[in-house]
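Q: I'll drop the sequence and a predicted model, then ask my questions.
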Amino acid sequence: MTLSVNPVAQSTQTASTSLASGSGGTASQIANISSSEFLNLLVTELTNQNPLSPMNPSQMVSQTSQLSTVQILNNLSTEIQGLQSQDAVLQGAGMIGQTVTYSPSQGTYLSGTVSGVAIQNGVLNLNIGGSLVPASQVVAVGMAPATA
């Protein structure tokens with residue numbers, strides 16, 4: 001008796017092999033497949049399984065819970081990154097109107113008043129005199145001098 005199996009995308013074959021073997025695969029292998037890909041793999045596995053040796057139900061539950069755990073962790077990681085960005089903006093906003101001293105290169109110190117903040121590529125930048133300066137270059141923070 002011959003069973004025909006439809007080819008599955010290469011990225012899911014690796015995850016399928018590790019999931020079907022019971023090894024669970026690595027978190028990155030499992031994370032690389034979407035929920036719909038996982039369900040397609042599960043249906044394909046159930047459709048093509050040997051009726052005399054069916055899939056172990058506890059193994060199926062284990063695979064499903066592993067996928068759910070990885071998805072939850074990925075969502076949590078995304079949320080934490082968003083909170084970190086918001087926290088950085090709030091810290092930078094606290095410097096608006098203050099005079100800062102920064103060092104763009106070793107031994108060089110410049111000062112200016114912070115007029116705004118921006119995050120570019122995950123880095124907090126301060127707008128000082130029309131130039132964006134990475135917050136990591138700031139070496140001192142003080143109040144802006146009073147204007148008459």
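A: That came in fine, so what should we check first?
Q: Show me this structure divided up by domain.
A: Under automatic domain parsing, the residue ranges defining each domain of the chain are 10-48+57-87, 94-143.
Q: Could you tell me the least trusted of those domains?
A: Mean pLDDT is lowest for domain 10-48+57-87 among the domains of the chain, at a mean of 71.
Q: For burial, what's the neighbour tally of residue 88?
A: Applying other Cβ atoms under 10 Å, we find 17 residues neighbouring residue 88. Where C-beta positions appear, they are placed from N, C-alpha and C, glycine not excepted.
Q: Please apply the same query to residue 136.
A: Applying other Cβ under 10 Å, we find 11 other residues in the vicinity of residue 136.
Q: And for residue 128?
A: Residue 128 sits with 21 neighbouring residues when counted by other Cβ under 10 Å.
Q: What sits closest to it if chain neighbours are left out?
A: Of all residues not flanking residue 128 in the chain, residue 112 sits nearest, at 3.8 Å (Cβ to Cβ, 6 or more residues apart in numbering).
Q: For beta bridges, what are the partners of that neighbour?
A: residue 100 (DSSP bridges).
Q: tell me the contacts of it?
A: Residue 112 is in contact with 99, 100, 102, 128, 129, counting by Cβ atoms under 8 Å, 6 or more residues apart in numbering.
Q: Would you mind giving the secondary structure of the third one?
A: When the structure is split into helix, strand and coil by DSSP: H, G, I helix; E, B strand; the rest coil, residue 102 lands in strand.
Q: Likewise for residue 86?
A: The assignment at residue 86 comes out as helix when based on three-state DSSP.
Q: Tell me who's in contact with residue 68.
A: If a contact means Cβ under 8 Å, 6+ apart, then residue 68 has no contacts.
Q: gap between it and residue 83?
A: Using Cβ to Cβ, to the nearest Å, residue 68 is found at 23 Å from residue 83.
Q: How much space separates residue 107 from residue 138?
A: Applying Cβ to Cβ to residue 107 and residue 138 gives a distance of 16 Å.
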